[in-house]
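S.K.: What follows is a protein structure lacking sequence information:
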């Protein structure tokens with residue numbers, strides 16, 4: 001009886017084990033199939049599909065992340081809350097005197113708010129702006145194609161030259177899926193004409209490559225930065241047509257960009273108090289990142305700002321694009337084997353050091369503005385202020401390069417500190433130039 005009982009028990013155990021193994025193999029097969037089936041094509045996505053909600057029918061996971069870019073989250077030195085920088089740092093009103101940024105300088109919000117932010121800013125309402133602004137604030141490629149009769153580059157030139165209000169009627173959606181993904185293959189791609197021209201000029205200068213095309217030759221890891229670099233860059237509006245142009249023909253470092261502007265004799269505005277012709281940096285994240293340790297280590301923008309996450313058997317990029325400091329566990333700890341609190345502290349130490357240097361640079365810049373303004377009031381001629389004006393321009397651009405760049409120096413800590421050190425030095429040199437001028441006038 002005992003032997004028969006053991007046989008029955010063994011048969012039951014074998015049957016249970018077989019059932020469990022079968023279930024496990026079935027689950028593995030289903031998960032593999034799930035991983036291969038990256039999306040269910042419910043909507044017909046084309047080159048004219050600018051509505052992210054339509055893409056969301058096929059890619060609900062990614063669309064859910066994109067929708068959350070409207071969240072207002074603030075880090076110690078930035079985030080996506082539209083706070084007024086002019087109230088937070090009152091020096092900026094004088095630093096930008098006479099320019100639109102002295103009227104309104106709010107923190108940018110997330111991608112899904114990019115067009116609304118442009119509509120609402122006082123810079124657009126109180127100062128005439130060109131259609132160039134849509135290059136990075138809207139899903140504008142279909143509008144370029146239509147305006148150019150099928151030629152995106154021609155349409156880009158036409159729309160850029162329009163008054164903003166007229167161009168605004170051509171678009172309906174903010175930055176969206178179409179701007180970074182091929183609707184047929186879903187592969188990453190660069191769509192912005194200004195980036196394509198800028199990166200081509202940079203590769204010609206830095207590597208001697210003619211007619212570089214990232215869509216044809218860049219690696220996928222490079223593309224995970226290039227798609228961000230389409231808009232998170234320094235730029236200017238060239239000529240009467242206000243064509244969006246990236247000043248990379250001499251390189252990506254601040255002095256190389258400055259040298260480019262000097263060569264073409266470009267200025268954004270003349271300072272209302274001093275009369276100096278100055279430059280306004282935009283948001284040179286791509287340029288600053290390119291000088292940092294993460295870029296040299298092959299870490300792409302998306303690795304930190306859109307880290308991978310698991311959804312069942314699928315691995316997808318988190319399309320809730322935001323500061324890594326709001327997502328330290330997945331953004332940082334994948335590569336850095338340290339506690340989240342320590343990584344946060346490290347990042348904030350870097351940012352705080354640069355914030356203090358930036359404050360010193362702005363103090364020095366305001367002091368220089370005071371000196372030049374006083375000299376002008378005392379009767380100094382423009383020719384006598386040329387040296388001080390040049391130093392104000394150099395100090396201004398460097399301080400603003402770090403201030404406008406949305407990492408408070410974290411993307412390239414040593415480079416940011418170098419730039420701010422030069423800003424302080426140039427501002428103080430400018431003060432000395434004015435003091436020498438005043439001393440010379442007194443001696444006469």
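M.R.: It's in. Because the structure is a prediction, the values reported are computed rather than measured.

S.K.: list the buried ones in whatever helix or strand residue 352 lives in?
M.R.: Using DSSP states H and E, residue 352 sits within helix 340-377. By neighbour count on 16 or more other Cβ atoms under 10 Å, the buried set for helix 340-377 is 343-344, 347-348, 350-351, 353-355, 357-358, 360-362, 364-366, 368-369, 371-373, 375-376. In this view, the C-beta of every residue, glycine as well, is placed from N, C-alpha and C.

S.K.: Tell me, how many residues neighbour the residue nearest to residue 326 when sequence neighbours are not counted?
M.R.: Nearest residue to residue 326, sequence neighbours excluded (Cβ to Cβ, 6 or more residues apart in numbering): residue 73, at 5.4 Å. Other residues near residue 73 come to 18 when the count uses other Cβ atoms under 10 Å.

S.K.: Test my guess that residue 73 contacts residue 322.
M.R.: Yes: the pair residue 73 and residue 322 qualifies as a contact (Cβ atoms under 8 Å) at a distance of 6.4 Å.

S.K.: quick one: common contacting residues for those two?
M.R.: Common contacts of residue 73 and residue 322, defined by Cβ atoms under 8 Å, 6 or more residues apart in numbering, comprise 79, 80.

S.K.: What does the pLDDT read for residue 77?
M.R.: You'll see residue 77 listed with a pLDDT of 88.

S.K.: typo on my end, it should be residue 405
M.R.: pLDDT at residue 405 comes out at 96.

S.K.: dump the residue contacts of the closest residue in space to residue 327 that isn't next to it in sequence.
M.R.: Once flanking residues are discounted, residue 327 sits nearest to residue 307: 6.7 Å by Cβ to Cβ, 6+ apart. For residue 307, the contacting residues are 317, 318, 324, 327, 330, 331, 334, by Cβ under 8 Å, 6+ apart.

S.K.: one step back: counting by contacts, list what the helix holding residue 352 packs against.
M.R.: helix 91-95, helix 328-331, helix 386-404, helix 413-443 (3 or more Cβ pairs under 8 Å, 6 or more residues apart in numbering; DSSP states H and E).

S.K.: in the chain, which spans are strands?
M.R.: According to DSSP state E, the chain carries its strands in the segments 74-75, 78-79, 236-238, 243-245, 269-270, 277-278, 308-311, 314-317.

S.K.: and the last one, which residues are buried?
M.R.: Which is strand 314-317. Those buried within strand 314-317 under the rule 16+ other Cβ under 10 Å are 314, 316, 317.

S.K.: Let's see the pLDDT reported for residue 36.
M.R.: 55.

S.K.: same deal with residue 73?
M.R.: 85.

S.K.: sorry, back to before: any idea how far residue 292 is from the residue nearest to residue 327?
M.R.: 18 Å (Cβ to Cβ, to the nearest Å).

S.K.: Which stretch among the helices and strands packed on helix 340-377 approaches residue 188 most closely?
M.R.: Ranking the helices and strands packed on helix 340-377 by proximity to residue 188 (Cβ to Cβ) places helix 328-331 first, at 19.2 Å.

S.K.: Give the buried residues for the closest one.
M.R.: For helix 328-331, using 16+ other Cβ under 10 Å, the buried residues are 328, 331.

S.K.: cool, stretch 413-421 as well?
M.R.: For stretch 413-421, by 16+ other Cβ under 10 Å, it's 413, 415, 416, 417, 418, 419, 420.

S.K.: tell me the contacts of the residue nearest to the first one when sequence neighbours are not counted?
M.R.: Of all residues not flanking residue 413 in the chain, residue 350 sits nearest, at 4.8 Å (Cβ to Cβ, 6+ apart). Contact partners of residue 350, counting by Cβ under 8 Å, 6+ apart, are 409, 410, 413.

S.K.: list the contacts for the last one?
M.R.: I take that to be residue 413. 292, 350, 353, 354.

S.K.: burial count for the first one?
M.R.: When you say that, I think you mean residue 292. 19.

S.K.: any idea how far it is from residue 414?
M.R.: Taking Cβ to Cβ, one finds residue 292 at 8 Å from residue 414.

S.K.: likewise the third one?
M.R.: Taking Cβ to Cβ as the criterion, residue 353 is separated from residue 414 by 11 Å.

S.K.: residue ranges with poor pLDDT in the stretch 201-350 of the chain?
M.R.: Of all residues in the stretch 201-350 of the chain, none has pLDDT under 70.

S.K.: Okay, helices next: where are they in it?
M.R.: Using DSSP state H, counting those that start in this stretch, the helices of the stretch 201-350 of the chain run over residues 214-217, 220-229, 254-264, 285-289, 293-296, 301-305, 328-331, 340-377.

S.K.: so what does the fourth one touch, helix or strand wise?
M.R.: Meaning helix 285-289. If you count contacts as 3+ Cβ pairs under 8 Å, 6+ apart, helix 285-289 packs onto helix 220-229, helix 301-305.

S.K.: wait, isn't residue 234 in contact with residue 284?
M.R.: Yes: using Cβ under 8 Å, residue 234 and residue 284 qualify as a contacting pair, with a distance of 4.0 Å.

S.K.: and for those two, which residues touch both?
M.R.: 257, 401.

S.K.: coming back round to it: could you find which two of the contacts of residue 413 are furthest from each other?
M.R.: 292 and 353 (14.8 Å).

S.K.: ok, now which ones touch residue 416?
M.R.: Per Cβ under 8 Å, 6+ apart, neighbours of residue 416: 288, 354, 357, 402, 405, 408, 409.

S.K.: one more time with 10 Å
M.R.: Contact analysis of residue 416 by Cβ atoms under 10 Å, 6 or more residues apart in numbering lists 254, 288, 291-292, 350-351, 353-354, 357-358, 398, 401-402, 405, 407-410.

S.K.: So, low pLDDT: which residues of the stretch 1-150 of the chain?
M.R.: Ranges of the stretch 1-150 of the chain meeting pLDDT under 70: 1-2, 25-39.

S.K.: ok, which stretches of it are helices?
M.R.: For the stretch 1-150 of the chain, applying DSSP H, counting those that start in this stretch gives helices covering 2-36, 52-58, 60-67, 85-88, 91-95, 114-120, 122-126, 134-137, 141-147.

S.K.: got TSV for these, with distance to residue 174 too?
M.R.: Output for these, formatted as TSV (distance: least, Cβ to Cβ, whole Å):
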stretch	distance to residue 174
helix 2-36	31
helix 52-58	8
helix 60-67	10
helix 85-88	21
helix 91-95	26
helix 114-120	4
helix 122-126	15
helix 134-137	7
helix 141-147	13
